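Visitor: Sharing a sequence plus its predicted fold:
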Amino acid sequence: MIDKIIEIQIYGRTYKIRVKGEEDEKYISHLTSYVDQKMQEIAVKSKSTDALKIAVLAALNIADEYFLTQKKLDQLDEAIGQMETEIGSLEDRLLKNDHDYPPIEKPTS
């Protein structure tokens, strides 16, 4: 795969970055749009014109979103683990009960 240099724009500034292929270019475009959107939102809310301050505040907001999402994923993983344990316990009980009763014979006609 050949590296490619592309230009991106974030908050009115142009940057050149290296990408590995078409898929990476689309992904970088998506990331670029997201970061630019966050910086625009912060600029409006903070009423600041200092690009560095806006970038740092945007980075903090993005980090907050990341950690909140990670916390939710951890909670989901824990809930799934509990469900798997319960399913295993139910399977064990069903298998035990299955062995406690003789098989039912089908009536013959």
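Guide: Received, thanks.
Visitor: SS state for T108?
Guide: coil (DSSP: H, G, I helix; E, B strand; the rest coil).
Visitor: so what's V19 bridging to?
Guide: V19 has these beta-bridge partners by DSSP bridges: K4.
Visitor: That one: neighbouring residues, count only.
Guide: Using other C-beta atoms under 10 Å, the number of residues around V19 comes to 18. C-beta coordinates here come from the backbone N, C-alpha and C atoms, glycine included.
Visitor: In this protein, which helix is the longest?
Guide: Longest helix of the chain, by residue count under DSSP state H: helix 51-100.
Visitor: Now the helix or strand where Y34 lies: average pLDDT?
Guide: Using DSSP states H and E, Y34 maps to helix 22-46. The average pLDDT for helix 22-46 rounds to 93.
Visitor: and if you look at stretch 57-74?
Guide: On average, stretch 57-74 scores 98.
Visitor: Buried residues, that stretch. List them.
Guide: 57-58 (16 or more other C-beta atoms under 10 Å).
Visitor: and if you look at stretch 42-51?
Guide: So for stretch 42-51, counting by 16+ other C-beta under 10 Å, buried means 42-43.
Visitor: mind checking the end-to-end distance for it?
Guide: End-to-end span of stretch 42-51 (C-alpha to C-alpha, to the nearest Å): 10 Å.
Visitor: what comes into contact with it?
Guide: By C-beta atoms under 8 Å, 6 or more residues apart in numbering, the residues outside stretch 42-51 that reach it are 11, 13, 53-54, 57-58, 61.
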